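A.B. asks: Attaching a predicted model along with its sequence, questions to come.
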Amino acid sequence: MTKELICAGFGGQGVLTIGRFLAQAGMAEGKNVSWLPSYGPEMRGGTANVSTVISDEAIASPIVSYPDILVALNQPSIEKFAPSIRPGGILIYNTNMCPHGCKRDDIDIISAPMVDIAKEIGDQMVLNMLAIGIIIGKTEIVSYAAMEKDLTQYMGGRRPELLEMNLKAIKKGIEIGKG
Amino acid sequence: MTKELICAGFGGQGVLTIGRFLAQAGMAEGKNVSWLPSYGPEMRGGTANVSTVISDEAIASPIVSYPDILVALNQPSIEKFAPSIRPGGILIYNTNMCPHGCKRDDIDIISAPMVDIAKEIGDQMVLNMLAIGIIIGKTEIVSYAAMEKDLTQYMGGRRPELLEMNLKAIKKGIEIGKG
Amino acid sequence: MAKILMKGNEAVAEAAIRAGCRLYFAYPITPQSELIEYMARMMPKVNGTFLQAESEVSAINMVYGAAGCGKRVMTSSSSPGVSLKMEGISYIAGAQLPAVIINVQRGGPGLGDIQPAQGDYFQATKGGGHGDYRLIVLAPASVQEFADMASEAFELADKYRNPVMILADGMLGQMMEPVEFKAPKTDEEIAELWKQHKDWCIQPNEDGDAKHHHEINSLEIDPLMLEKHVNKIYAKYAEIEKNEIRYEEYNISDDNEILCVAWGTASRIVKSAINELKKAGKSIGLIRPINVWPYPYEAVAKAIGPKVKQVYVFELNTGQMLDDVKIGVNGKVPVKFWGKVGGVVFTPAEIQAKLEECF
Amino acid sequence: MAKILMKGNEAVAEAAIRAGCRLYFAYPITPQSELIEYMARMMPKVNGTFLQAESEVSAINMVYGAAGCGKRVMTSSSSPGVSLKMEGISYIAGAQLPAVIINVQRGGPGLGDIQPAQGDYFQATKGGGHGDYRLIVLAPASVQEFADMASEAFELADKYRNPVMILADGMLGQMMEPVEFKAPKTDEEIAELWKQHKDWCIQPNEDGDAKHHHEINSLEIDPLMLEKHVNKIYAKYAEIEKNEIRYEEYNISDDNEILCVAWGTASRIVKSAINELKKAGKSIGLIRPINVWPYPYEAVAKAIGPKVKQVYVFELNTGQMLDDVKIGVNGKVPVKFWGKVGGVVFTPAEIQAKLEECF
Amino acid sequence: MEIIATRPETLTKTPFTYCPGCLHGVAHRLIAEAIQEEGLINSMCGVAPVGCSVFAYKFFNFDMAEAAHGRAPAVATGMKRARPEMHVFTYQGDGDLAAIGTAEIVHAANRGEKISVFFVNNAIYGMTGGQMAPTTLPDMKTTTSPYGRNTDDIGFPIRVCELLDTLVAPYYIERVSLLSPAEIIKAKKAVSKAIKYNKEGRGFTFIEFVSTCPTNWGVDPVKSRDWAKENMLPFFKPGLFRDKGEGV
Amino acid sequence: MEIIATRPETLTKTPFTYCPGCLHGVAHRLIAEAIQEEGLINSMCGVAPVGCSVFAYKFFNFDMAEAAHGRAPAVATGMKRARPEMHVFTYQGDGDLAAIGTAEIVHAANRGEKISVFFVNNAIYGMTGGQMAPTTLPDMKTTTSPYGRNTDDIGFPIRVCELLDTLVAPYYIERVSLLSPAEIIKAKKAVSKAIKYNKEGRGFTFIEFVSTCPTNWGVDPVKSRDWAKENMLPFFKPGLFRDKGEGV
Amino acid sequence: MPRMTVDPTYCKGCGLCIDACPRKIIRFSDNINAKGYHYAECFDQDKCIACKMCYITCPDVAITVEK
Amino acid sequence: MPRMTVDPTYCKGCGLCIDACPRKIIRFSDNINAKGYHYAECFDQDKCIACKMCYITCPDVAITVEK
Ligand SMILES: Cc1ncc(C[n+]2csc(CCOP(=O)(O)OP(=O)(O)O)c2C)c(N)n1
Ligand SMILES: Cc1ncc(C[n+]2csc(CCOP(=O)(O)OP(=O)(O)O)c2C)c(N)n1
Ligand code: SF4
Ligand code: SF4
Ligand code: SF4
Ligand code: SF4
Ligand code: SF4
Ligand code: SF4
Ligand SMILES: [Mg+2]
Ligand SMILES: [Mg+2]
């Protein structure tokens, strides 16, 4: 099984981290993974995106042309990437910043006011964790257990209350993802 | 007809000029000519040499491997180049600085105490003109007329007494060359 | 050791340190800056030298000096910065010094852009500097391979006393993949490595040693001496051409109707396309040169199976390795090329379409 | 005009001035110093600019600036100095500027020596700088041709807005041969030349002119834009490959048993050998590429007569043009190579011996 | 009502690509205004460096060249020599001018090239993401001096005005700062003088701007100026180094 | 009878390749003697430039590297960093150090590299046949300034000691001349001090020698010194610029 | 009467003009521009003295001052 | 007793030592060395005061002074 993801949004929304944590957890589960960010001045003020591949086989190209899953945190990301989602693929988007949504009917679309929910949980910053949760809930591309372990290790003892909030956001996301 | 010459000697002896004037006169007579000096640090204090080709046909290589004529103003030049003179070729050397001469018997050898003769004519500096004269006298590779014209043009009105001395040296050389 | 998810730029830096690299001189440039930044953080921790040079020209000449002392030394840059190193590289090759140079290629020519490209193949493999010399050129296609090549590069550099280049690109530099590192060399092992060069390198006279007078030099003012010197270097190159050809065969079989040749990042994309076409019952093989100099000419020739009617070269340039493929194929079957330039990376789908046109 | 006996270095400088070159920036190096010295003497006499730069790097960037103003500008150097120009040359090509660069090659690699060599063929023809670009490369074989190429180079540079290199060597630079010059361009003709670039070059707004905003630049940060830009350059290169192939056939006939390929200085020596062998009744042809990029691949292929059993390449290097010959021959007959390195020039006798071995 | 201050014609309509609060923009405006005021829009041309101001060729509304990293003074030399009827300036960062381009700036200054050089010193490599510059302050942390610039190991910041002031030919050298409106007004005077001398073909003119890099220093725009005042100005003292036109 | 002066062991037996009367040889001897006297023959290494002294690697009797033109300070940096237990110097001409190698010398000095630099200023490019150097004097004729160095067009000679003296890190900078036995004796003191500081790892030390090029100046060895005294010394004034060890 | 206007196309909301204004009559707008910045605006033109401090500090040359 | 000797292998006959010697006891030899130079020689060792001026000036380090 190979899952190809694109996460895209504004520079500060933490899309690179979404890909990174997924790849990290996938790796912990023994899968092959790759993570390829956009970089350079295009990022300054503009949009950022990252291609992540998680696969049981060796990964040929880390460039994702036709994502199985697209996480779009703002409208420009939908315009740019939604047309190339594989038929039957998944689009996850943030209604707070994607007022026009997506017109495709051959894909599975999950949307939520992610900014609002994140704020509710405690901080707009956990928006990316929410997105991770939705992906896990919807696809089980990686397990919650792996993600929790990885995150716990990453945040370490540094700020336990932050870890708590992040895990809460993931769990909330999983709920949304399961629908 | 193609004549290939090498002139060799110490740095200050004017060997480059021998080749240059011959080439210049050859050109004036409508022949194809080339002049290729040795250059670089090897010249500093060491020996200098120049390959000159004068030909009715287009000149292929300006590098002379097997000279028809070698002018050697010092002994090292004989050691270095005399072995490759074409059988039947000509060696012209300066007995003042070539105490050991040359042992080959399949070539035509002309030697003279060129430094002494030059001094006699008026200045050691005309040694190279003497050499030019010997070549002309021996081979008629270029005509005296062409050489005189060229030299006259070159020295111009600047120092007529110098021109006179140079022409005298050439004429003396021709005498020697004719044997 | 457990796998770590790491950027190529950082992985290769870590691997170099583990391989005993204790001197690193470079100048910042995108998309390799994580490499210099990693070195800035880590070299002090192993008592190594990290020094940001005033330019790429200076950096390569610092490498010349350190390599002349027989120690493992590295520099890295990206395309325009590598061009500035050309004179220095020619000197290093001429003086027969071991050194490792990394080029994380970006789009060119000129200032170009900062996206991945393969436009420096000619420069790397045919000698962008003046005179007759060669670099050993390793072309990674994954973060793991990029990292592994660090120690390979040092081994080759030491073995042949020749500069070795790792020819990567912005994608390999910027992407993260799991990577597993070799155990770091111990201080004793590193000291041992340095000793292998004691016959020629710059070093103090030790008590009891015979006094030496070593010269690090590429000058031979007498052409006959220089000829001898260059011939000696080329005898070494003949040796390298015999020993160090490395390539990967992917899906090569007698059923192949097309033989692809691609290197580095481009090869991964071609693999994706081959996999896709395999599902559609099409048999396409791939030769991926791992070392691009010495080049696997014979491997390319041999891989042309009985049914192959077309050799197809894909590169992220205008067709540079193409020349080498043509030389390898030597007229047996037609050779076709398709590439993208300017830092645009082709997609598996595009390659697939190009390959489908051949059936 | 009467013929003048002149060194190649001086002849090409004189010819460049006559062709309307009014700006020259360079740094001294043997064996091209007579060129810079001639320019130092003569440029002031035609109100031109002679400027000795602080380095070859600066010189090529001064050329970039002056060429960006649409004026005929030149630089010259020898091998190590040319390596230092690689970044700048890539920029000039990327920004599509007309400029002429002369390389009076010497022995390499590194500091090497100062005798004639052909070790920079790869660098000149395959892009020693980074990224995808090409130089138009003219390879003279006599002083007359060296001089003639000055004006050709400027014409080509202006026509295609691309840097043009004259790839000579120490022998051509140092030797004297009779040379005949074209009449010098008048000030009016030169002013006319400058006008051809007014659509893009840096220049004042003239009264009544629309205000312009010209950018001299090789940067396109968006890869899709850079791709477009590079593709545009390559469309131009396709044009050049169609129009500007130039070569000489020497003694080519259906009787040829061997086909030689050689360029520049080496070709003259090969001609001597061919002449010598002709006397012995042996028929050997020679293809001499005059422009080495674009390369006359087809001419090489076509010159392989019915009796040719061997193509023999002679170069003053380790076999660089050899690659191009192989591509041209494409497996039809075996290709052999012999060369000398380090600034040693082979003799007609040596070539003759090598050729005789083939019979 | 009359417009007393607005975007000058010598700037294009393209918005700058700099980060919010980056003072490159202020330097641009001063130069553009001075050119406007001297009436040189038809005969001016400039050279952009490699650095954050790499896109300066898009911002100035006259002919511009983009130079290789560090080589702007050489490119400008070529331009001025090819078109003496034009007025040429370069615009360079501290990495560009004081590191890789050291030879080019020293020699252009030493020849007394009749160009103006505007040097923006922000003590860091902005464009490539915050690496150490030759002007990085002692103990200052950057991505390539992560433990702070160790002066025992790699020395102190280079003071370019002081260095160029040892040469005979330069005509005018001044260091100004952009850290407050008052300082900007002073800076403007210096820029105007340089452009005026340039117009008159007097010789080599050089202005160093002490500037900021809020992004890579990791401070907000307002605070970044305070940081610069406290840390940069003591080492890079604003002042006139040389003015051969003074009193003329 | 005792030998009180003879060829030091720190020189090889190879005769110098310099022209008769060329003072490169004197500079070589001073350096070799100082190394001998400090007992560093086993731990010294040097870097030869490209210039007439390109063959210096043959003349000094310890390990030597030959650098690319202008890059000796970078090469020496690499060597010193790789072998801190060794003592490293460079030997460079004025074309090498003050033209193509400007960035390298400025930055090695600015970093305070713990090396010694010996700079031989003969106001010309000796090796390549007498072209203009950055230190060529006003109106002086060379093969690339055939009508004399025109200072309006290309400026004045660069004074390297003055220039480097604007940097913070250098430890010791002095200009000496080699134009008479008395001056040579003074020069020797400076060289010895530089080598001593080098031995003690104190920092960057720099000696400029005002020297001659009889061959390319076209004057005989004895007169060439007079020419230099008259023409070079007024512009390149010998003197101590900095000595951080003074009084320590 | 003095008047200060900000062109939202250029403004990046850096706040330097706010800091510079002696009358403290500049603030960030609630609206954002195309690039997502809360641009600056003058909320009390009457108090403006046309001192140009805002214009002088603005790094994006977004400000026009009239008198 | 002081003694100055020139090694002809190194001497290039530049004459600087002749100029430097306070006792004026150095001259060019009539003989030439392998490179063709008339090398320097001391023609009156008795007058030598071992002041080393010759050694100090000699660019080819051809001189030995004994005392
Ligand atoms: C030859 C070369 N080396 C390195 C680079 C990468 N590079 C781009 S900008 C830059 C530094 C810019 O810093 P600075 O000049 O201080 O300008 P700033 O961005 O701070 O304004 C570097 C190293 C390059 N483009 N070319
Ligand atoms: C890159 C490069 N450029 C140019 C040269 C040619 N070159 C050799 S020595 C030299 C100048 C030497 O002058 P200087 O440094 O003053 O030393 P000197 O000979 O006067 O002692 C030059 C330009 C070279 N070898 N390499
Ligand atoms: S990175 Fe720094 S210098 Fe560059 S634009 Fe941003 S703030 Fe300005
Ligand atoms: S050319 Fe000048 S510097 Fe060089 S060795 Fe001769 S005299 Fe000395
Ligand atoms: S002109 Fe002065 S008072 Fe008016 S808004 Fe600007 S800064 Fe404030
Ligand atoms: S200074 Fe300019 S860019 Fe900054 S907030 Fe004010 S108007 Fe906007
Ligand atoms: S030691 Fe003094 S006195 Fe004796 S020869 Fe030498 S210079 Fe003359
Ligand atoms: S100074 Fe030295 S080289 Fe010169 S003449 Fe005297 S001994 Fe000979
Ligand atoms: Mg900066
Ligand atoms: Mg010199």
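C.D. replies: Sure, I can see it. Ligands and ions are numbered 1, 2, ... in the order given.

A.B. asks: Only alpha carbons, please: show the helix or strand hosting residue C:153 as CSV.
C.D. replies: In this structure, residue C:153 is located in helix C:143-160 according to DSSP states H and E. C-alpha atoms of helix C:143-160 as CSV (Å, rounded to 0.1, in the frame of the first residue of the first chain):
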residue,chain,number,x,y,z
VAL,C,143,18.7,10.5,1.3
GLN,C,144,20.2,7.2,2.5
GLU,C,145,22.4,6.9,-0.6
PHE,C,146,23.4,10.6,-0.2
ALA,C,147,24.5,9.8,3.3
ASP,C,148,26.2,6.6,2.4
MET,C,149,28.1,8.3,-0.3
ALA,C,150,29.8,10.6,2.2
SER,C,151,32.0,7.8,3.5
GLU,C,152,32.4,6.2,0.1
ALA,C,153,33.6,9.5,-1.3
PHE,C,154,36.2,9.8,1.4
GLU,C,155,37.4,6.3,0.9
LEU,C,156,37.7,6.8,-2.9
ALA,C,157,39.4,10.2,-2.4
ASP,C,158,41.9,8.6,0.0
LYS,C,159,42.4,5.6,-2.1
TYR,C,160,43.1,7.4,-5.4
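
A.B. asks: and the direction of the following helix or strand past that helix versus that of helix C:143-160, what angle?
C.D. replies: Next in sequence after helix C:143-160, counting helices and strands by DSSP H and E, comes strand C:163-169. Per axes from the mean of the first three to the mean of the last three Cα atoms, to 10 degrees, the angle that strand C:163-169 makes with helix C:143-160 is 170 degrees.

A.B. asks: I'd guess residue C:44 is in a helix, am I close?
C.D. replies: Yes. Applying DSSP: H, G, I helix; E, B strand; the rest coil, one finds residue C:44 inside a helix.

A.B. asks: wait, doesn't it sit right on residue E:147?
C.D. replies: Yes. Counting by Cβ atoms under 8 Å, residue C:44 does reach residue E:147; the two are 6.7 Å apart. Any C-beta I mention is one placed from the backbone N, CA and C, and that applies to glycine too.

A.B. asks: Count the neighbours of residue E:169 for me.
C.D. replies: By the criterion of other Cβ atoms under 10 Å in any protein chain shown, residue E:169 has 20 neighbours.

A.B. asks: so how far is ligand 7 from the residue nearest to it when sequence neighbours are not counted?
C.D. replies: Closest residue to residue E:169 apart from its sequence neighbours, by Cβ to Cβ, 6 or more residues apart in numbering or on different chains: residue E:112 at 3.1 Å. Residue E:112 is 46 Å from ligand 7, where distance means Cβ to the nearest ligand atom, to the nearest Å.

A.B. asks: for residue C:126, same thing?
C.D. replies: Per Cβ to the nearest ligand atom, residue C:126 is found 59 Å from ligand 7.

A.B. asks: Contact partners for that residue?
C.D. replies: For residue C:126, the contacting residues are D:122-123, D:126, D:320, D:323, by Cβ atoms under 8 Å, 6 or more residues apart in numbering or on different chains.

A.B. asks: Pretty sure residue C:342 sits against residue C:114.
C.D. replies: No. If you go by Cβ under 8 Å, residue C:342 and residue C:114 don't touch, sitting 11.1 Å apart.

A.B. asks: Between the two, which is the more surrounded one?
C.D. replies: residue C:342 (29 against 26).

A.B. asks: for the more buried one, what are its contacts?
C.D. replies: Listed by Cβ under 8 Å, 6+ apart, the contact set of residue C:342 reads C:107, C:112-113, C:115, C:117, D:220, D:223-231.

A.B. asks: low-scoring pLDDT stretches of chain C, where are they?
C.D. replies: Residue ranges of chain C with pLDDT under 70: C:1, C:207-209.

A.B. asks: The longest helix seen in it near chain D at all?
C.D. replies: In chain C, taking DSSP state H as the definition, the longest helix is helix C:223-243. Yes. Part of helix C:223-243 sits near chain D under the criterion Cβ under 8 Å from any Cβ of the partner chain, namely C:223-231, C:234.

A.B. asks: helix or strand right after that helix?
C.D. replies: On the C-terminal side of helix C:223-243, the closest following helix or strand by DSSP H and E is strand C:247-250.

A.B. asks: and for whatever helix or strand comes next after that next one, what are the contacting residues?
C.D. replies: Next along the chain after strand C:247-250, taking DSSP H and E as the criterion, comes strand C:258-261. Outside strand C:258-261, the residues within contact range by Cβ under 8 Å, 6+ apart are C:252, C:270, C:274, C:284-289, C:300, C:303-305, C:308-314, C:321, C:325, C:355, C:358.

A.B. asks: strands paired with strand C:258-261, and their directions?
C.D. replies: strand C:284-289 (parallel), strand C:310-315 (parallel) (DSSP bridges).

A.B. asks: could you dump those to a markdown table with mean neighbour count?
C.D. replies: Below are these laid out as a markdown table (neighbours: other Cβ atoms under 10 Å in any protein chain shown):
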| stretch | mean neighbour count |
| --- | --- |
| strand C:284-289 | 26 |
| strand C:310-315 | 25 |
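
A.B. asks: Ok, which of those comes nearest ligand 5?
C.D. replies: Ranking the strands paired with strand C:258-261 by proximity to ligand 5 (Cβ to the nearest ligand atom) places strand C:310-315 first, at 56.4 Å.

A.B. asks: which is the next helix or strand following that closest one?
C.D. replies: Downstream of strand C:310-315 (by DSSP H and E), the next one is helix C:321-329.

A.B. asks: Now for the residue in the stretch 251-359 of chain C positioned nearest to ligand 2: which residues touch it?
C.D. replies: Nearest residue of the stretch 251-359 of chain C to ligand 2 (Cβ to the nearest ligand atom) works out as residue C:293 at 25.0 Å. Contacts for residue C:293 were tallied using Cβ under 8 Å, 6+ apart; they are C:124-125, C:134-137.
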